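Trainee: Give the three-dimensional model of this entry:
(chains A, B, C and D)
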2 protein chains.
Amino acid sequence: MKLEILTKNENQEIQKKIISQIRDLINYKNLEPGDKLPSERSLSEKFEVSRGNIREAIQKLEFYGLLNSIPQSGTFVANIGVIAMNGMIEDILRLEDPEFKSLVETRILLELKTARLAALRRTDDDLKLIKEALDAYADKVIKGEDAVQEDLLFHLAIAKASGNSTMNTFMLIITPGIITNFEKYHVCDSNQAFLGIQEHTDIYEAIKTQNPKLAKAKMKAHFKMLYQYCYNQKD
Amino acid sequence: MKLEILTKNENQEIQKKIISQIRDLINYKNLEPGDKLPSERSLSEKFEVSRGNIREAIQKLEFYGLLNSIPQSGTFVANIGVIAMNGMIEDILRLEDPEFKSLVETRILLELKTARLAALRRTDDDLKLIKEALDAYADKVIKGEDAVQEDLLFHLAIAKASGNSTMNTFMLIITPGIITNFEKYHVCDSNQAFLGIQEHTDIYEAIKTQNPKLAKAKMKAHFKMLYQYCYNQKD
DNA sequence: CAAACCAATCTGGTTAACCAATTTATTTAA
DNA sequence: TTAAATAAATTGGTTAACCAGATTGGTTTG
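Mentor: Presented below is the predicted three-dimensional model:
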């Protein structure tokens, strides 16, 4: 297992090196938006890595909108100038896997907003799904079983009801990090699971009655423990 | 070019189908956390797709923390129960490329927060970088040149100064969508570029004097146009 | 002289063969 | 009978060959 992590880190390092080399190439050759990059094959020769590595690096830069690959034609610099290109690549290279505190902080920000938006925009179907998630959660807690999953689905149902697909996606992205890095601190502490039912119900009622301020307040109360962890910790 | 988009859509459809088939398989076989999925080869036979397609789908589910691939061993269900697994896969399948309004709404949310956090946490180095981005922006505007890139880098410098790598990453993710989908509505309208200098300076000063409330307020003022577009539009 | 055509080449994308490590099955020794 | 040893099969990861479409340069034709 250690080896696997090592090789993954190695791979990441290779990819970062390739990305920085592509950046240097764009700068050195003064490539402008729309200009064509050298072919994957020639890049793999020049950088002395496999073509697969090159493809991965290009795909990553495509994800961030910096390059465009067109089949049977080439890879092109996107419609973004050299200045912004350099700034963004610098960020891409710098950003590592986020530390947990950063994840929690972002989750709180997102959920306060999704709760508010859900109160404003929720359809009847959304409300029904939230209610189902709430009931499933309460059932599990009352039975004394672990309810982490149902807790999670309740929050995701609210994210869906917010009608903002970007925030919903971001919730999905941070969820695994939240779960794996910090199972012991999960939002609804099992010791306080019964309190969690009440808090979830409060949020649900505020969304049901379409009271955005109350929904946000109740969500904030729900995150009180996490909030304190996040802001009182002097790390 | 049209074909290229078509094939990409086709590919996305294939991948979604594979993901839903993997979900069905996990449900049908009652696979629990830690259980092993069938090999990539057998899956590619069973689903009648290439092994490459299977690998892409698995990598996507790995990204969301639902599966773990271990070399020379197998692909395993992550430490997440069947209920949450189903809920998250449902979301993953549902979420399309976000519409622009959702991107803008999220950007405003993030930037109000990063401005506030930057005022609280910025180092002297952070401040220096923000100042450089501000000066570069002002120079371009005064010269009458397009300053979209410098505008962008100013905002990214603030995101970096926020000390929250998750929010910084999210800013990077939404940036290309913001730029490409909506160049005409970019934050600092070129007609109002000189106003933009003042607004940027206000934000910078608030961060410099470490006044979080003011920083947030100035950022909000800066986003006034976008804010109205986002919330007064009845789409 | 210019436009149309064509073949050779080059492109990103895809597939199939290969690799090393692991797991499983079989054999062997105590 | 059991446990250690070993060989065979299986795994995810990687590489190299292949593909169809796009590009390019030269040639031909009107």
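
Trainee: Just checking, which helix or strand succeeds the helix or strand containing A:Glu45 along the chain?
Mentor: Using DSSP states H and E, the element containing A:Glu45 is helix A:40-47. Toward the C-terminus, helix A:40-47 is succeeded by helix A:51-63 as the next helix or strand (DSSP H and E).

Trainee: which residues touch that following helix?
Mentor: Outside helix A:51-63, the residues within contact range by C-beta atoms under 8 Å, 6 or more residues apart in numbering or on different chains are A:11, A:14-15, A:18-19, A:22, A:37, A:40-41, A:43-44, A:47, A:67-69, A:75, A:89, A:92. Where C-beta positions appear, they are placed from N, C-alpha and C, glycine not excepted.

Trainee: Would you mind listing the buried residues in stretch A:58-66?
Mentor: By neighbour count on 16 or more other C-beta atoms under 10 Å in any protein chain shown, the buried set for stretch A:58-66 is A:58, A:60-61, A:64-66.

Trainee: Using the record, which stretches count as separate domains in chain A?
Mentor: Domains of chain A are assigned by automatic domain parsing as A:2-94, A:100-232.

Trainee: right, so these: which one is the most enclosed?
Mentor: Burial among the domains of chain A, expressed as mean neighbours by mean count of other C-beta atoms under 10 Å in any protein chain shown, is greatest for domain A:100-232, which shows a mean of 19.

Trainee: That one near chain B at all?
Mentor: Yes: Domain A:100-232 is in contact with chain B by C-beta under 8 Å from any C-beta of the partner chain, via A:102-103, A:105-106, A:109-110, A:113, A:136, A:148-150, A:152-153, A:156, A:160, A:163-170, A:172-177, A:179-180.

Trainee: Just the ones of the residues you listed in strands?
Mentor: Per DSSP state E, strands hold no members of the residues of domain A:100-232 next to chain B.

Trainee: hmm, back to that, can the helix holding A:Glu45 be found next to DNA strand D?
Mentor: No: figure legend: helix A:40-47 not in contact with DNA strand D (C-beta under 7 Å from any atom of the strand); closest approach 8.4 Å.

Trainee: Tell me the helices and strands packed up against that helix.
Mentor: In terms of contacts (3 or more C-beta pairs under 8 Å, 6 or more residues apart in numbering or on different chains; DSSP states H and E), helix A:40-47 is packed against helix A:2-28, helix A:51-63.

Trainee: helices or strands up against the longest one?
Mentor: Where contact means 3+ C-beta pairs under 8 Å, 6+ apart, helix A:2-28 is packed against helix A:40-47, helix A:51-63, helix A:82-94.

Trainee: gap between it and the chain center?
Mentor: 22 Å (C-alpha atoms, centre = their mean, to the nearest Å).

Trainee: hmm, back to that, out of the helices and strands packed on helix A:40-47, which gets the lowest mean score?
Mentor: Least confidently modelled of the helices and strands packed on helix A:40-47 is helix A:2-28, at a mean of 81 by mean pLDDT.

Trainee: residues touching the residue nearest to the spatial centre of chain A, list them.
Mentor: For chain A, the residue nearest the mean C-alpha position is A:Ile173 (3.0 Å; C-alpha atoms, centre = their mean). A:Ile173 makes contact with B:Tyr64 under the criterion C-beta under 8 Å, 6+ apart.
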